[in-house]
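Engineer: What follows is a predicted protein model with its sequence.
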Amino acid sequence: RLERLDHIICLSCFTLIPNNQTCPICTKMYLPLFSHSHYHPHLDQIIIQFKFKGILSPSRVLIPEILTTFEKSLEQLEYEAIVPIPLHPRRRNKRGYNQSELLADEIATSVKKPVVNDLLLRVKHRPPQTSVAHKRRAKNVKDSFAVRREGSSPARVLLVDDVVTTGATVYEAVKVLQHEDIRVVGIIALGYGGRYEHDAE
């Protein structure tokens, strides 16, 4: 009953992109999102269980379906590593795990690429984005991330989060990484709850 997505979403211009194609509008600024489903019932309930109730099976069930749907497009990205969106240590310790790390581990098992959990850090503890009005989410997450530079870092990474709605969190992470010359070539999320403009077909 999930409202499945079979198009890529360009987070630069919110255009729906046919699988195995790139955005004709954004070209170099193209930021593709590969998502399993619209963030509507029943996915919202699944993700609540996943994030807060210790029900971890969504990573094992939904990630393989994303990888199968978008297999060729993901192969074309030529990324070196997988980077999960981090939780602040206080929130991670309370929850006991970071759901984005679990998703990243599931992806890594299939694509045989390393997960780098300590490259992107959450350095400010802020209210959860779900508790903040959409128009205030960019401000809420501003300056929340930092990059840890120890030794060599990957030049091209795939970013992983559980849900993308306004995109404020991933935009902030992309900005911080790219300031350090680390390019985010794509994002994988279980759900997408934002807008989109049109189909580029």
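Structural biologist: Noted; the coordinates are in hand.
Engineer: and Arg195, what is it in contact with?
Structural biologist: For Arg195, the contacting residues are Phe14, by C-beta atoms under 8 Å, 6 or more residues apart in numbering. Any C-beta I mention is one placed from the backbone N, CA and C, and that applies to glycine too.
Engineer: Beyond the worst-scoring helix or strand of the chain on mean pLDDT, next helix or strand please.
Structural biologist: Among the helices and strands of the chain, helix 137-141 carries the lowest confidence by mean pLDDT, DSSP states H and E, at a mean of 65. Following helix 137-141 in sequence order, the next helix or strand is strand 145-147 (DSSP states H and E).
Engineer: Now that following strand: average pLDDT?
Structural biologist: The pLDDT scores in strand 145-147 average 93.
Engineer: Name the residues that touch that strand?
Structural biologist: Contacts of strand 145-147 (C-beta under 8 Å, 6+ apart): 86, 119-123, 153, 172-173, 176-177, 179-180, 182.
Engineer: rerun that using 10 Å as the cut-off
Structural biologist: By C-beta atoms under 10 Å, 6 or more residues apart in numbering, the residues outside strand 145-147 that reach it are 83, 85-86, 119-124, 153, 169, 172-182.
Engineer: which of those residues are buried?
Structural biologist: 83, 85-86, 119-122, 153, 169, 172-174, 176-177, 182 (16 or more other C-beta atoms under 10 Å).
Engineer: Between which two of these is the distance greatest?
Structural biologist: The most widely separated members of the buried ones among the contacts of strand 145-147, counting by C-beta to C-beta, are Ser153 and Thr169 (20.6 Å).
Engineer: Since that was my last question, I'll sign off now.
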